[in-house]
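Peer 1: Predicted model, plus sequence, below.
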Amino acid sequence: MSIRSHRRGRTPRTAVTAWWRAIVVAVGAVVVATSLGITPPQPPTAQAAAGVTEAPTVVFTENFENGMTNLATGAKSYTTANGAAQYVGAAGQTYTGSTSWINGNRCNGVILSYNNSLAPAWASTPVLTNKCSTVAGVQSYNGIRTLARAMGVVTGSGDNEHIVSGYTECQLTALGNTGTCDVIGSGPTNGVMFQTTTSIPVTPNRYYTFSVDTVYGNCANPASTTTQASDPQYQFQLVDGGGLATNVGGVLNGCRPSPTRQTVVVNRPLAVGTNTTMTAYVQSLQATSAFQYAGSSLGIKMYNASGVTNGNDGGFDNIRLLDVTPSLDKSFSPTVVTRGGVSKLTFTITNTTDLLAKSDWTFTDALPTGLVIAPTPNIGGTCAQVTGNALVRTTVAGGTSIAVTGGDLALGQASCTITVDVTSNTDGTYVNGPANVTTNLNPPENASVEFIKPSIDLVKTSNIANYDSVGDIATYTFVATNTTPKALTNTVANTSLTNVTITEDSFSGVGDMSTLVCDKPAPVTLASGAKLTCTATYVVQQSDLDNAPLTNVARTTGTPATGPNVTDTDDEIIPAVWTPALLLDKTVSIVDVDQDGVTGLGDHLLYAFDVTNTGNVTVAGIAVVDDRLTQRSITVTCTPATIAPAQIAHCVANAPYVLTQADVDAGEVVNTAHSTGTDPDGGPVRSNDDSTTTPVEAFRIPLQIEKIGESSDDTWVRMDGSSFAILEDVNGEPGTALPFTLDDVETGLFQIDGIPAGTYWLSELAAPDGFTLLAAPVQFVINADRTVSITAGGDEAVTATGQLITVRDVPAMLLPTTGGAGPLPYLLAGSLVVLIAGGLALRVRRRNAHAETHDPQA
């Protein structure tokens, strides 16, 4: 029977041939004992994981079942000597051995099963000197039949199992006396129990070893681990193409305890003395070392290092040539790497289940195009020098290969690793497989690493270019695109981005944007080039105008197959169109301080200003610029100082404007002002100019004029019959008559209700009967203290007291005090003015009192 072959589907071509030969050899085999690892050959199975040992590959096996029968006369020999039937293997292979060890008379070299019950003549005679005796009490031939039975118990083939005997029977007495036992040949020349006569084809430069299944009886002290003199001691040898035989490992001893040794008690066909059973020890033994073989064919040789014939009782089956070449595996970690990043390439050298030492293996790995050794190679791993050539690992930064020579696996070592860092600046998937490797190990399966450059792009747009009003609506569109490049060899999965989201990083709007509405439901996965589109709206508020522009920064994020999340931001800036504007409305109110009914000297002007924001942005720092008030150190305060569109600021002066003489002289106060402020950026805003014009007059007094004369009792009394006119002053000379109305107050008393301050001339137009007119007009002045003074003419006849001018009349026979032509020239000049004025100079009627009428200029 043969052990199972399942070397990961990588059996070399020549080994495949041998494997199929083994199949043929194993025809008719039955279930074997799993504790021995003895199973029928099977096709290669899937490759195991790196670092997990697998059973060796059976290159050649001989199970001694080819052409064998279970007839009583079915026993055979290696040769046809002495009339024996020769055993021929499944592939026509024949075998040989040393003379003593293929001598049927010694019960050696007999190929038989328990069912081959009739001892052949070449292996037994009735003479006592026959070493393979059937004499009662000896039963040597039945002994090797019983060993075959024990092997069958373990393999499951029962009494059909065939073995090759090595019973080393000695000359016995009729009573089974062993005193005459001799020593036969042993060692590589005289102790050969099995040797191929033709070479077995093999794959050069691989690692091999041998194994055999043994069954021993009559083991001395079987519980002891110490080799006994009577123990069978099998030794394998490699026979190279030139015929040179070399030991492989050490002596194999199936009598001694081991984890794979099985003890089997089987019945003998005939009792030996009182013993009706035999205790046998069955074990699958493998050479204790492996060898790397450069040739293309080899032979197998196995000898017994012991020639003792008293004991040394055994048999063997299933001679095997095993390919125990370690396997090379490659892997990348990580398997998905960001472009320019580093992946660790790990070479795992895995032993076979025999765990024999394997020295001086080599490999060279040529990296796929585009994949190179990293700038810092970081060559490492667990492999170490054990024996043989030095371990050398050769590579350079940026190089395209790594070479390892002198690699070793120590005895009992399951695996070791060689590591190096690799990188690529080109996107794609790089497959590093058996075609990239030159090695004396079992080549690896494909290993791949994928380099990608994860990236994402966000574009944000708005449907409006600008805004200028509260209530404007901006619709934002966000488009996230997976911009990860996908080379032809990149996979869709590894160039996709998962959990793609779009969020707002910042938004300057004072309100809340609507919820994003997207064209794909979360969670979103985008293949390379795919897009996620979302929209949201926002309604403009006043603060958005004031704080323009509207700035919106959005972010998209995606999770790549490797590395950190990728992200991108984009902003959308929508400017506002500002139209800042102010409208000033200026008003003035008058306080008639002296209550003279005239806006004049000393009266107060109270200015007020309304500033309206007629623009679309808030204006701060509202102020009124009024130079006239500023000249008087009058300040204007506006409340509120900041106004939103359509809001009004009310501004007032902190003091009244007091009319001065200059204002009186000017006759009016024209006051022009404008308002100012700043837009949200601090830019100046200026309103319209608005003016007020306030007419200003000199003060007026109620001027009275009385005409008095001397009565018969020599007292001065007011007289009826006079009339007067007020003339203007023209450079100190009387001018034309002014249109003042002189109302009768009482007889001889006239009053002008309001005559402005200034210089005038009084002219008498008519005198009472019998009295004389003033000889010439009299100049008078209305003083600032509101009194009247006579400043020219009149002499003692005209006087002024307070606001009263007194004209004393003289009888007509008296000459005028001042002389002259009298008033006629002035009256002629003024008559035209009087006529034009519509008879403004009225004749005074004695003792008739009339109410005063205001001057139309007042």
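Peer 2: Nice, I can see it. Numbers count the residues shown, from 1 in each chain.
Peer 1: How much space separates the most centrally placed residue in the chain from Val337?
Peer 2: Central residue of the chain (C-alpha atoms, centre = their mean): Asn565, 2.5 Å from the mean position. Counting by C-beta to C-beta, to the nearest Å, the separation of Asn565 from Val337 is 16 Å. Every residue, glycine included, has its C-beta placed from N, CA and C.
Peer 1: And for Thr198?
Peer 2: On the measure of C-beta to C-beta, Thr198 and Val337 end up 54 Å apart.
Peer 1: who has more neighbours, those two?
Peer 2: More crowded of Thr198 and Val337, by other C-beta atoms under 10 Å: Val337, with 24 against 13.
Peer 1: got the phi/psi numbers for Ala148?
Peer 2: Note on Ala148: its backbone torsions stand at phi -60, psi -40 [degrees, to the nearest 10].
Peer 1: Give the full set of residues in contact with it.
Peer 2: Leu112, Ser113, Tyr114, Asp159, Glu161, His162, Ile163, Val215, Gly315 (C-beta atoms under 8 Å, 6 or more residues apart in numbering).
Peer 1: give the contact list for the fourth one.
Peer 2: With contacts taken as C-beta under 8 Å, 6+ apart, Asp159 has the following neighbours: Asn70, Ser113, Tyr114, Asn115, Ala148, Arg149, Gly152.
Peer 1: Show the pLDDT at the nearest residue to it once chain neighbours are set aside.
Peer 2: Distance criterion C-beta to C-beta, 6 or more residues apart in numbering; nearest residue to Asp159, sequence neighbours excluded, is Tyr114 at 3.9 Å. What the model reports as pLDDT for Tyr114 is 98.
Peer 1: give me the element Tyr114 is part of.
Peer 2: Taking DSSP states H and E as the definition, Tyr114 sits outside all helices and strands.
Peer 1: and which of the contacts of Ala148 is nearest to Asn105?
Peer 2: For the contacts of Ala148, the residue nearest Asn105 by C-beta to C-beta is Leu112; the value is 14.7 Å.
Peer 1: gap between that closest one and Asp159?
Peer 2: Leu112 is 11 Å from Asp159, where distance means C-beta to C-beta.
Peer 1: so what's Asp546 scoring on pLDDT?
Peer 2: At Asp546 the predicted local distance difference test score is 93.
Peer 1: Run through the helices of the stretch 701-850 of the chain in chain order.
Peer 2: Assigned by DSSP state H, counting those that start in this stretch, the stretch 701-850 of the chain shows helices spanning 824-836.
Peer 1: shaky segments in it?
Peer 2: The stretch 701-850 of the chain contains residues with pLDDT under 70 at 810-850.
Peer 1: which stretches of the stretch 201-350 of the chain form helices?
Peer 2: Under DSSP H, counting those that start in this stretch, the stretch 201-350 of the chain gives no helices.
Peer 1: for it, what spans make up the strands?
Peer 2: Ranges of strands within the stretch 201-350 of the chain are 206-217, 234-239, 245-252, 262-272, 275-286, 291-293, 297-304, 313-323, 327-333, 336-338, 342-350, based on DSSP state E, counting those that start in this stretch.
Peer 1: With distance to Tyr141 and mean pLDDT as extra columns, can I get these in JSON lines?
Peer 2: Shown next, in JSON lines, are the strands of the stretch 201-350 of the chain (distance: least, C-beta to C-beta, whole Å; pLDDT from 0 to 100):
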{"stretch": "strand 206-217", "distance to Tyr141": "13", "mean pLDDT": "98"}
{"stretch": "strand 234-239", "distance to Tyr141": "22", "mean pLDDT": "98"}
{"stretch": "strand 245-252", "distance to Tyr141": "25", "mean pLDDT": "98"}
{"stretch": "strand 262-272", "distance to Tyr141": "9", "mean pLDDT": "92"}
{"stretch": "strand 275-286", "distance to Tyr141": "13", "mean pLDDT": "95"}
{"stretch": "strand 291-293", "distance to Tyr141": "38", "mean pLDDT": "98"}
{"stretch": "strand 297-304", "distance to Tyr141": "20", "mean pLDDT": "98"}
{"stretch": "strand 313-323", "distance to Tyr141": "12", "mean pLDDT": "98"}
{"stretch": "strand 327-333", "distance to Tyr141": "46", "mean pLDDT": "97"}
{"stretch": "strand 336-338", "distance to Tyr141": "70", "mean pLDDT": "95"}
{"stretch": "strand 342-350", "distance to Tyr141": "47", "mean pLDDT": "98"}
